[in-house]
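>>> below are the sequence and a predicted model; questions follow.
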Amino acid sequence: MNYAMMIKEYRDKALLSQQDLAAILNVSIVSVNRWENGHHEPTIKAKRKLKELFVQSGMKNEDYSDEAEYIELKECKINNRRYLGNKYKLLPFIKSVVNEHCSDIDSIIDIFSGTGAVSSAFWNLKITTNDILYSNYISNLAWFSPEEIDKTKLKRIIASYNSYSKRERNYMTDNFANTYFSYEDCSKIGYIREDIENKFKKKIINERERAVLITSLLYAMDHIAKTCGHYDAFIQNAKFTEHLELCYPDVPLNNNSGNLCFNEDSNELIRRIKADLVYIDPPYNSRQYCDAYHLLENVARWQKPTVEGVARKMDRKGLKSKYCTNSAVQAFEDLIDNINAKYILLSYNNMAKKGNGRSNAKLDDVDIMRILSQKGKVMVFSQNYKAFTTGKSDIQDNEERLFLCICK
Ligand SMILES: C[S@@+](CC[C@H](N)C(=O)[O-])C[C@H]1O[C@@H](n2cnc3c(N)ncnc32)[C@H](O)[C@@H]1O
């Protein structure tokens with residue numbers, strides 16, 4: 001059922017404002033607005049109530065047999081995962097700078113997209129995402145690809161994964177049992193990941209459906225992993241009190257048909273693509289994302305490599321970022337030089353000379369301003385923000401800045 005259209009039709013018929021309907025359903029007006037513009041689906045509870053209202057008002061009900069709604073599954077949103085440097089909390093700041101200072105924007109490139117949080121704030125535009133990590137590419141594909149998906153089928157598959165209760169040996173139990181996850185959860189993760197690949201090979205699911213299922217698994221793993229948010233280490237002798245439960249990622253069903261997702265090095269890709277706005281959110285310091293998220297990357301790729309060390313890391317050659325090294329300035333200059341856009345928006349903090357060695361930002365303001373100014377007029381906006389620290393450093397006055405360049 002197309003809830004966006006049905007809600008609008010119902011409101012027109014019943015002469016109700018979005019506010020009135022929100023009050024009847026006991027939800028916020030923002031929720032009603034999002035359902036009606038098709039960006040989000042109503043919750044199961046809201047759907048049940050809506051159906052009653054539709055029937056009462058005499059609207060046609062031939063579509064009401066949507067089985068997906070009756071499969072009881074938790075739903076998850078794009079921000080329901082932990083990710084270093086994700087900008088979800090900064091979206092109002094980022095949106096306000098773009099709304100106030102950029103005009104005629106139809107397309108955006110999120111060239112270091114990570115979770116895709118920033119792209120999700122520009123859902124009405126043609127979105128291009130890119131990340132060097134395959135695990136992020138897969139999640140981006142789930143959230144932004146225009147490929148059609150069968151929600152009922154996916155929910156049915158996820159519900160069947162949740163009911164898995166065997167204790168079978170597999171790649172995950174052999175390499176990760178009782179580290180980040182219990183033996184049982186490793187068995188479940190290994191089974192699910194293998195099954196997703198089999199279903200894809202047999203063409204039971206398409207590319208985006210595969211991405212939605214892998215995303216669901218990655219989010220569920222992240223939710224219970226015995227870590228402090230990244231996989232450089234696991235908590236020793238942890239009690240595995242929470243167990244793997246997959247949710248349904250509430251991915252939009254009507255993404256822009258021009259959306260594209262890439263899994264490439266930013267500096268190579270930028271030479272081939274263009275957009276009205278290029279948003280740049282590179283790593284700020286020497287912490288390599290492939291080190292922090294090796295396990296999610298391993299499961300997303302599913303090539304079953306050997307792993308080593310206490311943290312059980314796979315080989316990560318080819319995934320290391322220049323932006324975490326002393327070549328960051330050179331890489332940044334090359335990137336900016338090759339951008340074809342009306343506006344460039346850079347997120348970067350002010351930690352170039354604060355924090356401990358690992359937390360020091362790799363680009364300083366002199367370099368940022370010199371490089372961006374070659375491309376156009378630069379404006380800087382700032383907001384206080386909590387720094388990520390492992391507890392070794394005492395970082396104060398951490399500011400998240402946005403550098404907006406209006407290109408010549
Ligand atoms: C600060 S995070 C981006 C966070 C993102 N804006 C969000 O809100 O989730 C930087 C991202 O850049 C990616 N990355 C690092 N070097 C890259 C490169 N050379 N090309 C593409 N992606 C890269 C990392 O994998 C990481 O996901």
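In hand now; what should we look at?

>>> show me what contacts the spatially most central residue of the chain?
Centroid-nearest residue in the chain: Thr115, 2.6 Å away (criterion: Cα atoms, centre = their mean). Residues counted as contacts of Thr115 (Cβ atoms under 8 Å, 6 or more residues apart in numbering) are 78-79, 81, 83, 86, 88, 136, 139. To be clear about C-beta, it is placed using only N, CA and C from the backbone, and glycine gets the same treatment.

>>> if I pick Gly190, what's in contact with it?
Contacts of Gly190 by Cβ under 8 Å, 6+ apart are 168, 170-173.

>>> buried residues in the helix or strand bottoming out on mean pLDDT in the chain?
Across the helices and strands of the chain, mean pLDDT, DSSP states H and E gives its lowest value to helix 44-56, namely a mean of 85. Residues of helix 44-56 classed as buried by neighbour count (16 or more other Cβ atoms under 10 Å): 46-47, 50-51, 53-54.

>>> which other helices and strands contact it?
With contacts taken as 3 or more Cβ pairs under 8 Å, 6 or more residues apart in numbering; DSSP states H and E, helix 44-56 sits against helix 3-14, helix 18-25.

>>> between the ones you listed, which one is closest to the ligand.
helix 3-14 (26.5 Å; Cβ to the nearest ligand atom).

>>> pLDDT at the closest residue to the ligand within the stretch 101-250 of the chain, what is it?
At 2.8 Å from the ligand, Gly114 is the closest residue in the stretch 101-250 of the chain, using Cβ to the nearest ligand atom. Among the per-residue scores, Gly114 shows a pLDDT of 98.

>>> tally of neighbours for Phe381?
16 (other Cβ atoms under 10 Å).

>>> so who does it touch?
Contacts of Phe381 (Cβ under 8 Å, 6+ apart): 93, 97, 401-402, 404.

>>> mind checking how far it is from the ligand?
16 Å (Cβ to the nearest ligand atom, to the nearest Å).

>>> and what about that residue, helix, strand or coil?
strand (DSSP: H, G, I helix; E, B strand; the rest coil).

>>> Glu245 versus the nearest residue to Tyr161 once chain neighbours are set aside, what's the distance?
With Cβ to Cβ, 6 or more residues apart in numbering as the criterion, Tyr161 has its nearest non-adjacent residue at 4.9 Å, and that residue is Ile192. According to Cβ to Cβ, to the nearest Å, Ile192 stands 12 Å off from Glu245.

>>> could you do Lys274 as well?
42 Å.

>>> what does Asp364 give?
Using Cβ to Cβ, Asp364 is found at 45 Å from Glu245.

>>> can you list the domains in the protein?
Following automatic domain parsing, one gets these domains for the chain: 3-66, 88-145+255-286+325-407, 151-249.

>>> give the partner strands of the helix or strand where Ile127 lies in its sheet and their orientations.
Here Ile127, judged by DSSP states H and E, is contained in strand 126-130. Next to strand 126-130 in the sheet, as set by DSSP bridges, lie strand 107-110 (parallel), strand 260-262 (parallel).

>>> out of these, which one sits most buried?
Stretch with highest mean neighbour count among the strands paired with strand 126-130: strand 107-110 (a mean of 26; mean count of other Cβ atoms under 10 Å).

>>> mind checking what helix or strand follows that one in sequence?
helix 117-120.

>>> now check that following helix, is it near the ligand?
Yes - against the ligand, helix 117-120 shows contacts by Cβ under 6 Å from any ligand atom at 117-118.

>>> what helices and strands are in contact with that helix?
helix 91-101, strand 107-110, helix 134-144.

>>> that older thread, take the buried residues of helix 44-56 and lay them out in TSV including distance to the ligand.
Shown next, in TSV, are those (distance: Cβ to the nearest ligand atom, whole Å):
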residue	distance to the ligand
Ala46	28
Lys47	30
Leu50	32
Lys51	36
Leu53	37
Phe54	37
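
>>> any idea which of those is closest to Phe332?
Closest approach between those and Phe332, by Cβ to Cβ: Ala46, at 45.5 Å.

>>> excluding sequence neighbours, find me the nearest residue to Leu335.
Here the residue nearest Leu335, using Cβ to Cβ, 6+ apart, is Asn267, at 5.3 Å.

>>> confirm that neighbour sits in a helix?
Yes - counting by three-state DSSP, Asn267 is found in a helix.

>>> do you know how far the residue lying farthest from the centre of the chain is from Ile24?
Within the chain, Gly58 marks the point farthest from the mean C-alpha position, 40.0 Å out by Cα atoms, centre = their mean. Going from Gly58 to Ile24 by Cβ to Cβ gives 17 Å.
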